[in-house]
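**Q** fold the following and give me the result.
(chains A and B, ligands or ions: 1)
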Amino acid sequence: MTMDWYWKSASEISAAVRSGVVSASDITEAQLRRIDEVDGRIDAYTQRWDDTARAMAAKVDKKASRGEALGPLAGVPVGLKELLCTRVGKTTCASKMLEHFRSPYDATVVKRLEAADAVFLGKVNMDEFAMGSSTENSAIKVTRNPWNLKCVPGGSSGGSAAAVSAGECAISLGSDTGGSIRQPACLCGCVGIKPTYGRVSRYGLVAFASSLDQIGPLTRTVEDAALTLNVICGRDEMDATSADLPVPDFTGALTGDVRGLRIGLPKEYFTEALSEPMRERIEQAVDAYRANGAEIVEVSLPCSEYAIAVYYIICTAEASANLARFDGVRYGFRHPEAKTMQDMYVMSKSAAFGPEVRRRIMLGTYVLSSGYYDAYYLKAQKVRALIKKDFDAAFEKCDVIAGPTSPTASFEFGAKSDNPLEMYLSDIYTISVNLATLPGISIPCGLTDAGLPVGMQLMARPFEEELLLKTAHFYEQNRGFDMGRPPIA
Amino acid sequence: MKYEAVIGMEVHVEINSKSKVFCACPTDFHAPPNTNVCPICLGMPGALPVLNRDMVDKSVAVGLALNCKISRWSKMDRKNYFYPDLAKNYQISQYDLPLCHGGSIEIEVDGETRRIGITRAHMEEDTARNTHTLGGGQSGIDFNRSGVPLLEIVTEPDIRSAAEAYAYLTALKQILQYLDVSDCNMEEGSLRAEANISIRPEGRAEFGVKTEVKNVASFSGVQKAIDYEIARQEKVLREGGVIVQETRGWDADRGITVSQRLKESAHDYRYFPEPDLPPIVVDESWENRIREGLPELPAPRKKRLESQYGLSAYDAHVITLSKPVADYYEAVVAAGADPKKASNWLMVELQALLSAAKLEIQACKIGPEALAALLKLIDTGLISGKIAKEVLVEMFDSGLPPDTIVRDKGLSQISDTGAIEAAVKQVIDASPEQVAQFKAGKDKVFGYFVGQVMKATRGKGNPQLINDILRRELEG
Ligand SMILES: [Zn+2]
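**A** You can find the predicted model right below:
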């Protein structure tokens, strides 16, 4: 069979493998050839695990040949973000600090994917320690946007978005602290969901900001996002912040229509900060909902303007502690010329962390320092609570909030990398969702005139992923045009 | 001018949970280095802490025993500093909302009772241990101890002397042992005490500048260190100097405290709430469950022993110092022994043997029933008290029951009147001089006769019988 399996969705692949139409090994070989063919131009993969992938596929096929039931992700090719701990290969976080680091254990999500019979193709690029919005902060390589190789894939899960968008895997697991799944999904024209904080275990996710981090899938279809969530969600005894709630069948929620659904548009999200093509496409998407019987209401999130400031205080504070452990004592980079303990700390960290990571560690250390804590960290926590309240109030008036994912479509390399503040604004619409611990999804809703993808963001109340996915799925099925494939196809 | 000392104590207690405070590793840190470790207590990337419930239970129990209020809502915090023995370069501890707060403990010094306020008791994790004895300029870190559960108990500055500090530590240790939440072994570091010491002119309300004394390996060391530090501070002030706020280490060999670190160079720990752990919510039913499970604590038990068994305050105090000893005592009485005799034999004879052998009562081969059986042999007149002491030594060494020893060694008393009469007659016949003295009114000589008859019966003559027969023969 010479079908382009690498463009198929995870649901189609899994169904085909489970029904014996195709073997997991055949899928894997097709996928590896695809990576051979395009990754030289995209550079999404930082590690290729061809042998592991073949062995995992063979295991699935053997299981099938013995007549055993196969898992929901049977034979589905998956790329893992560099900050998910795996015993296979390295876990580098795209940092020189962990260039040679091998984790002694698998992250919970990795175990769950493996138990669902997925096949791991390797690891994909990201901004160093998930700090960035363009993947330009990777210490490993530059990943390009499949829609335009001169443009960034977004970040920090840029490798995940580029790989999924270019047909280099069906699913990629990313992580989202302030938009790191949704923004690259938006810029690369794929689906990216950040589940409610606590929905997915963080055990084995190298922490950036513990109160904001959440793992989620990047996929080409909403159904695949639902399928992946079915596998990775749920209480984990290893993560005290994981929610002890039943996990519904998310794929089962993708039915029905949007009649009577109240969709809120936050007026603060549709200002001049939003670029014209983004506004147009999103309004068209909203029209599609309206035309199908949804009720569109205006809502207000008055504290939105503080979200970036609050975010960069909280995330840097937590990061400054989370990254303290990278000291060259037990693992990771230790400066060979360090002679004293003090030197070991200072020289190792200075040499192995990139400028953005160093900047955030210093910011975080500052805002937690005695004399500044109340003015920065404590105040930020209070405003965070107000932002949450904004959403509570908005969700009194609507069921789902819709808006842009990113203020602009993708941009060229170097366009924002000299100006951290401008780069930080890339996450202006996504950050609040993390601060309020809500689920959020980005789905493609067209292209700019320059042929770059535009994404719409939907948000729901905590743990209402079913409604979120259902709403996203309805649009995906009824948007009335084909997104097409990136020119690299 | 007379000075008064103001002392507050900080005690770190290792809680004897089976597993570490945030992971499932065993807490046995005597295992070979770095064998009781996992990604969590090694601070590996991506690992997350999960709070051990048993640690919360035991900490609540300590809080209740120290008359603390238990926080309905508390949280863990990160205390940030860099040191190679700290796996994550932050310690998970409790900062502004400790689990237990506002308690007190009563101590007794020179017959006077004083109440020492407990400011707080909070949960935290222990660090690893560095060793610099590997040779070649290399240092090693053993992470077996990393993540071992610690409870830090802090007093108000209510302590006024080294003797009170000693009494406080003793009372605290007693309570912790009654609760069975810690070994309280200072040499092994399962109990670590630090003292904050300042002095002020008597009658003044403001505190003086304090120093913190660390590195003390025993309660008596704490007492000596405090005495030294009070004297040192007085000398500095009397000579017109000023006290510098600093940490001082106790040098037990030289018997002095040595400056270790000035407060100015102290860390800014940049505390903030630990985002990896949800708040700790101890509701009323949880607190009540722990309260109902509390054992009888030392103070009420002492009072009960006094009233129930008629013990003196002193005896009851000594017996209740250690819960195992008090349990042992009550078991001896329950096995039928006379309460006062049981107390004497336990506190004098058995304690002497235990001290000589450096044994705790838990390791003693003589069970409480066996001691009660021995006392019964005395009561029934089968052996004398003197023989009983020999039997006790034998029991202590062999673990055999007293009746077996008495039988096998032929130690039972001669209560055969005929045999004793014969011995008495023999002694009187051989001691005409002493008989004359006795008849002349020198009653003291009677002891000589008793001794001689005992000797003749090789110590096994029933003392009461010997007495009676001698009196009859000599006076009659
Ligand atoms: Zn451990």
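**Q** just give me how far the lengthiest strand in chain B sits from the chain centre.
**A** Ranked by residue count and defined by DSSP state E, the top strand of chain B is strand B:112-125. Remark: strand B:112-125 is offset 17 Å from the chain centroid, using Cα atoms, centre = their mean, to the nearest Å.
**Q** ok, stretch A:171-179 next?
**A** Relative to its parent chain, stretch A:171-179 has a centroid offset of 2 Å by Cα atoms, centre = their mean.
**Q** return the longest helix along chain B as CSV; C-alpha atoms alone will do.
**A** Using DSSP state H to define each element, chain B has its longest helix at helix B:219-238. Only the C-alpha atoms of helix B:219-238 are listed here, as CSV (Å, rounded to 0.1, in the frame of the first residue of the first chain):
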residue,chain,number,x,y,z
PHE,B,219,21.5,17.4,76.3
SER,B,220,24.3,18.0,78.8
GLY,B,221,26.3,19.5,75.9
VAL,B,222,23.5,22.0,75.4
GLN,B,223,23.5,22.8,79.1
LYS,B,224,27.3,23.4,79.1
ALA,B,225,27.2,25.4,75.9
ILE,B,226,24.4,27.7,77.2
ASP,B,227,26.2,28.2,80.5
TYR,B,228,29.4,29.1,78.6
GLU,B,229,27.6,31.4,76.2
ILE,B,230,25.8,33.3,79.0
ALA,B,231,29.1,33.7,80.8
ARG,B,232,30.8,34.8,77.6
GLN,B,233,28.2,37.4,76.8
GLU,B,234,28.3,38.7,80.4
LYS,B,235,32.0,39.1,80.2
VAL,B,236,31.8,41.0,76.9
LEU,B,237,29.2,43.4,78.3
ARG,B,238,31.0,43.9,81.6
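**Q** any stretches of the chain with poor pLDDT?
**A** Looking at chain A here, since you left the chain open. A:1-3, A:489 (pLDDT under 70).
**Q** wait, chain B
**A** Scanning chain B for pLDDT under 70 picks out the ranges B:262-266, B:415, B:476.
**Q** flag every residue of it that's near the ion.
**A** Applying Cβ under 5 Å from the ion, we find that chain B lies next to the ion at B:23, B:25, B:38, B:40-41. Where C-beta positions appear, they are placed from N, C-alpha and C, glycine not excepted.
**Q** now do the contacts for the residue positioned nearest the centre of chain A.
**A** Closest residue to the average C-alpha location of chain A: residue A:181 at 2.1 Å, with Cα atoms, centre = their mean. Residues near residue A:181 by Cβ atoms under 8 Å, 6 or more residues apart in numbering or on different chains: A:157, A:160, A:174-175, A:192-194, A:216-218, A:442.
**Q** burial measure for the residue in the stretch 51-200 of chain A positioned nearest to chain B, as a count.
**A** Distances between the stretch 51-200 of chain A and chain B by Cβ to the nearest Cβ are smallest at residue A:85, namely 4.3 Å. For residue A:85, the neighbour count with other Cβ atoms under 10 Å in any protein chain shown is 26.
**Q** name the helices or strands packed onto the next helix or strand along the chain from the longest helix of chain B?
**A** Sequence order places strand B:246-251 as the next helix or strand after helix B:219-238, per DSSP states H and E. If contacts are counted by 3 or more Cβ pairs under 8 Å, 6 or more residues apart in numbering or on different chains; DSSP states H and E, strand B:246-251 sits against strand B:211-214, helix B:219-238, strand B:256-262.
**Q** tell me which of the ones you listed is the most buried.
**A** Of those, the one with the most neighbours on average (mean count of other Cβ atoms under 10 Å in any protein chain shown) is strand B:211-214, at a mean of 21.
**Q** in a strand, residue A:104, correct?
**A** No - looking at residue A:104 with DSSP: H, G, I helix; E, B strand; the rest coil, it is coil, so not inside a strand.
**Q** helix, strand or coil for the closest residue to it other than its chain neighbours?
**A** Distance criterion Cβ to Cβ, 6 or more residues apart in numbering or on different chains; nearest residue to residue A:104, sequence neighbours excluded, is residue B:39 at 6.0 Å. The three-state label given to residue B:39 by three-state DSSP is coil.
**Q** pretty sure residue B:39 sits against residue A:105.
**A** Yes - using Cβ atoms under 8 Å, residue B:39 is in contact with residue A:105, at 5.4 Å.
**Q** which residues are in contact with both of those two?
**A** Residues touching both residue B:39 and residue A:105 (Cβ under 8 Å, 6+ apart) are residue B:47.
**Q** thinking again about what came up before, quick one: strands adjacent to the longest strand of chain B?
**A** In the sheet, strand B:112-125 lines up against strand B:100-109 (antiparallel), strand B:149-155 (antiparallel) (DSSP bridges).
**Q** and it, what's buried?
**A** For strand B:112-125, the neighbour count (16 or more other Cβ atoms under 10 Å in any protein chain shown) marks B:116-125 as buried.
**Q** try stretch A:101-110
**A** The neighbour-count check on stretch A:101-110 (16+ other Cβ under 10 Å) flags A:101, A:103, A:105-110 as buried.
**Q** rewinding a little: for the residue nearest to the centre of chain A, what are phi and psi?
**A** Dihedral pair for residue A:181: phi -100, psi -50, per degrees, to the nearest 10.
**Q** do the same with residue B:296
**A** In terms of degrees, to the nearest 10, the main-chain angles of residue B:296 are phi -60, psi 130.
**Q** any idea how many residues pack against it?
**A** 13.
**Q** ok, it touching residue B:302?
**A** No - applying Cβ under 8 Å, one finds residue B:296 not in contact with residue B:302, separated by 10.0 Å.
**Q** can you report how many residues lie near the residue of the stretch 101-250 of chain B found nearest chain A?
**A** Nearest residue of the stretch 101-250 of chain B to chain A, counting by Cβ to the nearest Cβ: residue B:141, 7.5 Å away. Using other Cβ under 10 Å, residue B:141 is surrounded by 20 other residues.
**Q** how far off centre is the strand or helix carrying it?
**A** According to DSSP H and E, residue B:141 maps onto strand B:140-142. Taking Cα atoms, centre = their mean, one finds strand B:140-142 lying 31 Å from the centre of the chain it belongs to.
**Q** equivalent analysis for stretch B:2-11, please.
**A** 22 Å.
**Q** likewise for stretch A:30-42?
**A** Remark: stretch A:30-42 is offset 22 Å from the chain centroid, using Cα atoms, centre = their mean.
**Q** so residue A:123 lies in a strand, does it not?
**A** Yes - according to three-state DSSP, residue A:123 belongs to a strand.
**Q** who touches it in this structure?
**A** Each residue near residue A:123 by Cβ under 8 Å, 6+ apart is listed here: A:45-47, A:49, A:79-82, A:84, A:86, A:89-92, A:159.
**Q** give me that answer again for 6 Å
**A** Applying Cβ atoms under 6 Å, 6 or more residues apart in numbering or on different chains, we find residue A:123 in contact with A:46-47, A:80, A:82.
**Q** wait, isn't residue B:26 in contact with residue B:36?
**A** Yes - using Cβ atoms under 6 Å, residue B:26 makes contact with residue B:36 at a distance of 5.0 Å.
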